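**Student:** Mind folding the following:
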Amino acid sequence: MDQFIELYTDGAASGNPGPGGFGLVLKFGKFRKEISGGFRLTTNNRMELLAVIVGLESVTNKEIPVRVFSDSKYVVDSINLKWVFGWQKKGFEKKANPDLWKRFLRVYDARKHTFFWVKGHASNVDNNRCDELAVSAYKKPGLLIDEGYEASKSKGMI
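**Tutor:** As a prediction, this is how the structure comes out:
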(Lines give C-alpha, C1' and ligand atoms only; values in the text may rest on other atoms or scores of the structure.)
Protein backbone atom coordinates (compact mmCIF):
# COMPACT_ATOMS: atom_id res chain seq x y z
CA MET A 1 0.00 0.00 0.00
CA ASP A 2 1.41 3.37 -1.05
CA GLN A 3 1.58 6.11 1.54
CA PHE A 4 0.62 9.61 0.53
CA ILE A 5 -0.57 12.86 2.05
CA GLU A 6 -3.90 14.30 0.98
CA LEU A 7 -4.04 18.08 0.72
CA TYR A 8 -7.43 19.71 0.25
CA THR A 9 -7.46 23.44 -0.49
CA ASP A 10 -9.81 26.34 -1.13
CA GLY A 11 -9.68 30.09 -1.42
CA ALA A 12 -12.34 32.75 -1.16
CA ALA A 13 -12.72 36.49 -1.58
CA SER A 14 -15.66 38.73 -0.81
CA GLY A 15 -15.80 41.25 -3.64
CA ASN A 16 -12.90 39.82 -5.67
CA PRO A 17 -10.91 41.90 -4.99
CA GLY A 18 -11.89 42.27 -1.40
CA PRO A 19 -11.24 40.60 1.90
CA GLY A 20 -10.08 37.06 1.21
CA GLY A 21 -8.98 33.89 2.88
CA PHE A 22 -7.64 30.44 2.31
CA GLY A 23 -8.27 27.14 4.01
CA LEU A 24 -6.59 23.78 3.79
CA VAL A 25 -6.80 20.33 5.26
CA LEU A 26 -3.78 18.01 5.39
CA LYS A 27 -4.46 14.30 5.98
CA PHE A 28 -2.00 11.48 6.54
CA GLY A 29 -3.21 8.23 8.04
CA LYS A 30 -4.94 9.09 11.29
CA PHE A 31 -3.44 12.60 11.37
CA ARG A 32 -5.31 15.70 10.26
CA LYS A 33 -4.28 19.37 10.29
CA GLU A 34 -6.32 22.43 9.34
CA ILE A 35 -4.74 25.78 8.43
CA SER A 36 -6.32 29.05 7.35
CA GLY A 37 -5.46 32.71 6.92
CA GLY A 38 -7.20 35.95 5.96
CA PHE A 39 -6.18 39.11 4.11
CA ARG A 40 -7.74 42.56 3.96
CA LEU A 41 -7.53 42.92 0.16
CA THR A 42 -6.84 40.13 -2.32
CA THR A 43 -8.45 37.98 -5.01
CA ASN A 44 -10.02 34.56 -5.09
CA ASN A 45 -7.34 33.17 -7.43
CA ARG A 46 -4.56 34.37 -5.14
CA MET A 47 -6.20 32.65 -2.18
CA GLU A 48 -6.73 29.43 -4.16
CA LEU A 49 -3.04 29.35 -5.06
CA LEU A 50 -1.86 30.43 -1.61
CA ALA A 51 -3.78 27.55 -0.02
CA VAL A 52 -1.81 25.09 -2.15
CA ILE A 53 1.49 26.81 -1.38
CA VAL A 54 0.96 26.93 2.38
CA GLY A 55 -0.18 23.31 2.32
CA LEU A 56 2.92 22.12 0.47
CA GLU A 57 5.16 24.27 2.67
CA SER A 58 3.55 22.67 5.74
CA VAL A 59 4.51 19.13 4.74
CA THR A 60 7.46 18.22 6.94
CA ASN A 61 8.46 14.94 5.29
CA LYS A 62 9.22 15.94 1.69
CA GLU A 63 9.71 12.28 0.69
CA ILE A 64 6.03 11.41 1.01
CA PRO A 65 3.97 12.04 -2.15
CA VAL A 66 1.20 14.61 -1.89
CA ARG A 67 -2.14 14.42 -3.68
CA VAL A 68 -3.56 17.91 -3.94
CA PHE A 69 -7.33 18.35 -4.33
CA SER A 70 -8.53 21.79 -5.40
CA ASP A 71 -11.74 23.18 -6.86
CA SER A 72 -9.73 25.83 -8.71
CA LYS A 73 -9.39 25.19 -12.43
CA TYR A 74 -6.98 28.16 -12.46
CA VAL A 75 -4.57 26.31 -10.17
CA VAL A 76 -5.06 22.72 -11.34
CA ASP A 77 -4.99 23.48 -15.06
CA SER A 78 -2.00 25.82 -14.72
CA ILE A 79 -0.03 22.91 -13.27
CA ASN A 80 -1.45 19.86 -15.05
CA LEU A 81 -1.46 21.54 -18.47
CA LYS A 82 2.03 22.92 -17.70
CA TRP A 83 1.10 26.55 -18.39
CA VAL A 84 3.06 27.73 -15.35
CA PHE A 85 6.31 26.39 -16.81
CA GLY A 86 5.80 28.40 -19.98
CA TRP A 87 5.06 31.48 -17.89
CA GLN A 88 8.22 30.82 -15.90
CA LYS A 89 10.34 30.68 -19.08
CA LYS A 90 8.94 34.07 -20.07
CA GLY A 91 9.59 35.57 -16.64
CA PHE A 92 5.85 35.64 -15.85
CA GLU A 93 5.55 38.65 -18.15
CA LYS A 94 1.98 39.98 -18.12
CA LYS A 95 0.80 37.08 -15.94
CA ALA A 96 -1.21 37.43 -12.77
CA ASN A 97 0.24 36.49 -9.40
CA PRO A 98 3.90 36.04 -10.36
CA ASP A 99 4.99 36.36 -6.73
CA LEU A 100 2.84 33.40 -5.74
CA TRP A 101 3.71 31.28 -8.78
CA LYS A 102 7.42 31.76 -8.05
CA ARG A 103 6.81 30.75 -4.43
CA PHE A 104 4.83 27.73 -5.62
CA LEU A 105 7.64 26.59 -7.91
CA ARG A 106 10.07 26.62 -4.97
CA VAL A 107 8.01 23.92 -3.19
CA TYR A 108 6.60 22.02 -6.17
CA ASP A 109 8.04 18.60 -7.00
CA ALA A 110 6.55 17.04 -10.13
CA ARG A 111 7.73 13.61 -9.00
CA LYS A 112 5.93 13.84 -5.66
CA HIS A 113 2.92 16.16 -6.19
CA THR A 114 -0.20 15.20 -8.12
CA PHE A 115 -3.09 17.61 -8.69
CA PHE A 116 -6.77 16.73 -8.94
CA TRP A 117 -9.71 19.01 -9.63
CA VAL A 118 -12.80 18.51 -7.46
CA LYS A 119 -16.16 20.18 -7.89
CA GLY A 120 -16.57 22.99 -5.38
CA HIS A 121 -19.54 23.31 -3.07
CA ALA A 122 -20.52 19.72 -3.78
CA SER A 123 -20.27 16.45 -1.89
CA ASN A 124 -16.55 16.56 -1.03
CA VAL A 125 -16.51 16.93 2.75
CA ASP A 126 -12.90 18.09 2.97
CA ASN A 127 -13.25 20.63 0.16
CA ASN A 128 -16.35 22.00 1.86
CA ARG A 129 -14.43 22.26 5.12
CA CYS A 130 -11.69 24.22 3.33
CA ASP A 131 -14.32 26.63 2.05
CA GLU A 132 -15.63 27.11 5.60
CA LEU A 133 -12.10 27.79 6.83
CA ALA A 134 -11.41 30.29 4.02
CA VAL A 135 -14.61 32.26 4.54
CA SER A 136 -14.20 32.25 8.31
CA ALA A 137 -10.60 33.48 7.94
CA TYR A 138 -11.52 36.62 6.02
CA LYS A 139 -14.31 37.48 8.45
CA LYS A 140 -11.92 37.69 11.41
CA PRO A 141 -10.51 41.00 12.67
CA GLY A 142 -6.89 41.97 12.13
CA LEU A 143 -6.55 40.68 8.58
CA LEU A 144 -3.06 40.45 7.09
CA ILE A 145 -1.85 42.52 4.15
CA ASP A 146 -1.43 40.61 0.89
CA GLU A 147 1.72 42.51 0.03
CA GLY A 148 2.10 40.91 -3.40
CA TYR A 149 -1.39 41.97 -4.43
CA GLU A 150 -1.34 45.43 -2.91
CA ALA A 151 2.13 46.21 -4.29
CA SER A 152 1.16 45.18 -7.82
CA LYS A 153 -2.10 47.11 -7.55
CA SER A 154 -0.29 50.28 -6.47
CA LYS A 155 2.03 49.91 -9.50
CA GLY A 156 -0.97 49.63 -11.83
CA MET A 157 -0.12 46.04 -12.77
CA ILE A 158 -3.62 44.78 -11.97
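**Student:** which residues pair with residue 32 across the strands?
**Tutor:** Residue 32 forms beta bridges with residue 27, as assigned by DSSP bridges.
**Student:** Can you tell me how far it is from residue 108?
**Tutor:** Distance, residue 32 to residue 108, by CB to CB, to the nearest Å: 23 Å. All C-beta spots, glycine's among them, are computed from the backbone N, C-alpha and C.
**Student:** quick one, which of the two is more surrounded?
**Tutor:** Applying other CB atoms under 10 Å to residue 32 and residue 108 shows that residue 108 carries more neighbours, namely 19 against 12.
**Student:** I'd assumed residue 56 was in contact with that one.
**Tutor:** Yes: between residue 108 and residue 56 a contact is recorded at 7.0 Å, counting by CB atoms under 8 Å.
**Student:** so residue 73 sits right up against residue 118, yeah?
**Tutor:** No: using CB under 8 Å as the test, residue 73 is too far from residue 118 to be in contact (10.7 Å).
**Student:** more crowded one of the two?
**Tutor:** Higher neighbour count among residue 73 and residue 118: residue 118, with 18 against 12, using other CB under 10 Å.
**Student:** ok, and the closest non-adjacent residue to residue 22?
**Tutor:** Leaving aside its sequence neighbours, residue 22 sits nearest to residue 51 (CB to CB, 6 or more residues apart in numbering; 3.8 Å).
**Student:** Assign that neighbour to helix, strand or coil.
**Tutor:** With DSSP: H, G, I helix; E, B strand; the rest coil as the basis, the three-state label of residue 51 is helix.
**Student:** Distance-wise, check it relative to residue 94.
**Tutor:** Applying CB to CB to residue 51 and residue 94 gives a distance of 24 Å.
**Student:** Between these two, tell me which one has more neighbours.
**Tutor:** residue 51 (31 against 9).
**Student:** shaky segments in this structure?
**Tutor:** Scanning the chain for pLDDT under 70 picks out 1, 154-158.
**Student:** Show me the strands in it, by range?
**Tutor:** 5-13, 18-28, 31-42, 66-70, 113-117 (DSSP state E).
**Student:** could you check the angle strand 31-42 makes with the first one?
**Tutor:** Okay, so that is strand 5-13. Angle, strand 5-13 to strand 31-42, by axes from the mean of the first three to the mean of the last three CA atoms, to 10 degrees: 20 degrees.
**Student:** who does strand 5-13 touch, helix- and strand-wise?
**Tutor:** strand 18-28, helix 44-58, strand 66-70, helix 125-138 (3 or more CB pairs under 8 Å, 6 or more residues apart in numbering; DSSP states H and E).
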